[in-house]
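*Asks:* here is a sequence with its predicted model. Questions after.
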Amino acid sequence: MTELVRMEGVVVEGDDRLLLDVPHLVLDSPRTAVIGPNGSGKSTLLRLLNGLTAPTRGQIAVLGTDVVENTAAARQLVGFVFSDPLAQLLLPTPLEDVRLSIPRLRGRAQAEAARTWLARCGAEHLAEASVYELSSGERQRVALASVLAAEPSLLVLDEPTTLLDRLSVRRLMRLLDSLAVPVLLATHDLEIASAFPRVLAVEDGRIVDDGPGGEVVPAYVRRVDAMDGSPDGPGVP
Ligand SMILES: Nc1ncnc2c1ncn2[C@@H]1O[C@H](COP(=O)(O)OP(=O)(O)OP(=O)(O)O)[C@@H](O)[C@H]1O
């Protein structure tokens, strides 16, 4: 399997406290999910991969490219999708936004390529709409099309289903499953995480469990229930 991500001796500190401590991590599964309570460090872990967060110390490589020494090159490799798609849609219409991701093409060829990416994400009919008039699910599909159009080598999604209804979540997951690009996704949706072949559980800035979703998710729920002090607790944090 291809080594997608390597972290060695990574520590992130902020406001004089430890936010993340990852002594050693190698990701080579085409599908990895990250789960954990609010504030546990999931987003911090993901943001290290494209230099949005800088480590206090340690080495991070994406497909062999050192993120700290070569941030621009690493950013070319990593497509990053945020939970709020409006944060990353820059232009008034989906078509314009996706075209922006394809600078190597011009004119009609660029527009056709952009429409193809929108179609793959189920958003071709929205090409000329105003991004402000789209629903959250529609925006999420457009944001994904824009990121995919840049042809990243690794797709990183930070809680991409937060704003989506159940049907839109299913559609997004089917779309992700259909992609050849490897996926790393942080989520609070334990149903989604359960289906992942590899899941990292992050708590208090540390990876406390690492294995198939079918094992890591139930163990996480048991820990949360124990913390809640009740076996009949909410179960899904
Ligand atoms: N730049 C920063 N400076 C200081 N503290 C930060 C910074 N970025 C994040 N933090 C803190 O780091 C901790 C981990 O935050 P992070 O966003 O990674 O958690 P998370 O697991 O993604 O949480 P959530 O599920 O709520 O999105 C939080 O306590 C947060 O306040």
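*Replies:* Received, thanks. Here the structure is a predicted model, which means the values were calculated and not measured. Numbering: from 1, shown residues only.

*Asks:* just the pLDDT for the residue of the chain found nearest the ligand.
*Replies:* Across the chain, no residue is closer to the ligand than G14, which sits at 2.8 Å (C-beta to the nearest ligand atom). No exception for glycine: its C-beta is placed from N, CA and C like everyone else's. If you check G14, the pLDDT there is 91.

*Asks:* beta-bridge partners for it, please?
*Replies:* Residues in a beta bridge with G14, per DSSP bridges, are R17.

*Asks:* so that it lines up with my notes, have the first residue be 84 from now on.
*Replies:* In the new numbering, first residue 84, that becomes G97.

*Asks:* in the protein, which spans are helices?
*Replies:* 125-130, 154-160, 177-183, 190-203, 219-232, 249-261, 273-277, 296-311 (DSSP state H).

*Asks:* helices or strands next to the shortest one in the packing?
*Replies:* Contact partners of helix 273-277 among helices and strands, from 3 or more C-beta pairs under 8 Å, 6 or more residues apart in numbering; DSSP states H and E: strand 114-118, helix 296-311.

*Asks:* now do 10 Å
*Replies:* strand 114-118, helix 249-261, strand 266-269, strand 281-286, helix 296-311 (3 or more C-beta pairs under 10 Å, 6 or more residues apart in numbering; DSSP states H and E).

*Asks:* ok, now the third one?
*Replies:* For helix 177-183, the contact count by 3+ C-beta pairs under 10 Å, 6+ apart identifies helix 190-203, helix 219-232 as packing neighbours.

*Asks:* how about the last one?
*Replies:* Applying 3+ C-beta pairs under 10 Å, 6+ apart, one finds that helix 296-311 contacts strand 114-118, helix 273-277, strand 281-286, strand 289-294.

*Asks:* pick the most buried one from these.
*Replies:* Compared across the helices and strands packed on helix 296-311, strand 114-118 shows the largest average neighbour count, a mean of 24 (mean count of other C-beta atoms under 10 Å).

*Asks:* and that one, which strands flank it?
*Replies:* strand 266-269 (parallel), strand 281-286 (parallel).

*Asks:* may I see these organised as TSV, with distance to the ligand and mean pLDDT added?
*Replies:* Converted to TSV, these look like this (distance: least, C-beta to the nearest ligand atom, whole Å; pLDDT from 0 to 100):
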stretch	distance to the ligand	mean pLDDT
strand 266-269	6	97
strand 281-286	6	98
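
*Asks:* indicate which one of these is closest to A192.
*Replies:* Evaluated over the strands paired with strand 114-118, closeness to A192 peaks at strand 266-269, with 27.9 Å, by C-beta to C-beta.

*Asks:* I'd say L273 and R305 touch.
*Replies:* No: taking contacts as C-beta atoms under 10 Å, L273 lies outside contact range of R305: 12.0 Å.

*Asks:* how near is the spatially most central residue of the chain to R114?
*Replies:* Note on the chain: the residue nearest the mean C-alpha position is L240, at 1.4 Å, using C-alpha atoms, centre = their mean. Counting by C-beta to C-beta, to the nearest Å, the separation of L240 from R114 is 11 Å.

*Asks:* what is in contact with the two at once?
*Replies:* Shared contacts of L240 and R114, defined by C-beta atoms under 10 Å, 6 or more residues apart in numbering, comprise L259, V266, L267, L268.

*Asks:* poorly predicted segments of the protein, please.
*Replies:* 313-320 (pLDDT under 70).

*Asks:* contacting residues for D180?
*Replies:* 171-174, 197, 201, 210, 214, 225-226, 228-229, 232.

*Asks:* alongside the ligand, which residues does the chain contribute?
*Replies:* Applying C-beta under 6 Å from any ligand atom, one finds that the chain approaches the ligand through G97, D98, L102, G119, N121, G122, S123, G124, K125, S126, T127.
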